[in-house]
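S.K.: Take this sequence and fold it.
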Amino acid sequence: MSGFQLNINDLMKKAAVFHGHLCPGLAIGVLVAKYALEHGYEHSPDEEIVAVVETDNCSVDALQILLKTTFGKGNLVHLDYGKGNYSFYNRKAQKGIRLALKKEISNYKDLSRDEKIHKLLEFEPEDVFDIHEIEFNPPGLALIDESVPCEMCGELTMENRIMIYEGNSLCIPCYKESRK
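M.R.: Now for the predicted structure:
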């Protein structure tokens with residue numbers, strides 16, 4: 001542990017400005033970011049810190065603004081599993097952690113939205129998540145590839161996403177349409 005504690009309310013305010021409103025999902029993301037920041041996964045100007053998220057809910061916005069992990073830089077990876085799980089890799093320190101939302105959090109479904117937010121922000125991240133170190137095996141660095149036109153629709157597509165079908169170089173949507 002790095003020995004400092006961040007103010008949860010300050011983090012929540014910053015995340016809410018970015019996200020646009022307060023909600024329980026954002027509070028969960030703030031708790032994730034708080035833990036990551038306090039344990040050596042600080043702001044990422046490039047791809048030093050990588051976040052792999054298993055959800056696409058509001059919590060991810062807190063990670064983007066507080067940890068500077070973004071889809072555009074390639075250090076925010078979405079796995080569409082619908083789970084409240086968050087893995088982080090620190091490329092410099094060559095370490096990884098995983099936070100998995102505890103099932104006990106579902107016990108608060110009868111609370112109002114505001115009550116859920118307040119309750120979540122009273123907790124420490126360790127109360128809300130099962131947290132453990134994971135093998136250092138981050139996704140690769142973001143690919144930077146040339147764009148080429150799809151031979152069907154003409155739209156520019158990253159070359160590594162082009163599919164070949166019947167001798168034609170197609171973007172993924174056109175490839176899927178051609179196979180119908």
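
S.K.: Spit out the contact partners of the spatially most central residue of the chain.
M.R.: In the chain, the centroid-proximal residue (Cα atoms, centre = their mean) is residue 53; its distance is 4.1 Å. For residue 53, the contact set (Cβ atoms under 8 Å, 6 or more residues apart in numbering) comprises 59, 60, 63, 76, 77, 78, 79, 85, 86, 87. (Each C-beta comes from the backbone N, C-alpha and C, glycine too.)

S.K.: Quick one: mark the members of these that sit in helices.
M.R.: Mapping the contacts of residue 53 onto helices (DSSP state H) picks out 59, 60, 63.

S.K.: beta partners of the nearest residue in space to residue 151 that is not next to it in sequence?
M.R.: Spatial nearest neighbour of residue 151, excluding adjacent residues (Cβ to Cβ, 6 or more residues apart in numbering): residue 168 at 4.6 Å. Beta-bridge partners for residue 168, by DSSP bridges, are residue 165.

S.K.: mind checking pLDDT for residue 168?
M.R.: We have a pLDDT of 93 for residue 168.

S.K.: mind listing the strands for the protein?
M.R.: Using DSSP state E, the strands assigned to the chain run over residues 49-53, 76-78, 85-90, 95-101, 129-134, 147-149, 156-158, 163-165, 168-170.

S.K.: Outside of the longest one itself, list whatever touches it.
M.R.: Counting by Cβ under 8 Å, 6+ apart, the neighbours of strand 95-101 from elsewhere in the structure are 28, 32, 35-36, 39-41, 83-90, 125, 128-138.

S.K.: any idea of the angle the longest helix along the chain forms with strand 49-53?
M.R.: Scanning the chain for the longest helix, with DSSP H as the assignment, gives helix 24-38. Interaxial angle of helix 24-38 relative to strand 49-53 (axes from the mean of the first three to the mean of the last three Cα atoms, to 10 degrees): 150 degrees.

S.K.: Helix 24-38 packs against which elements?
M.R.: On a contact count with 3 or more Cβ pairs under 8 Å, 6 or more residues apart in numbering; DSSP states H and E, helix 24-38 meets helix 8-19, helix 59-67, strand 95-101, helix 113-122, helix 125-128, strand 129-134.

S.K.: Most tightly packed of these?
M.R.: Mean neighbour count (mean count of other Cβ atoms under 10 Å) peaks for helix 59-67 among the helices and strands packed on helix 24-38, with a mean of 22.

S.K.: what's that helix in contact with?
M.R.: Outside helix 59-67, the residues that reach it (Cβ under 8 Å, 6+ apart) are 11, 14-15, 17-19, 25-26, 28-30, 32-34, 36-37, 41-44, 49, 51, 53, 69-70, 76, 78, 84, 86.
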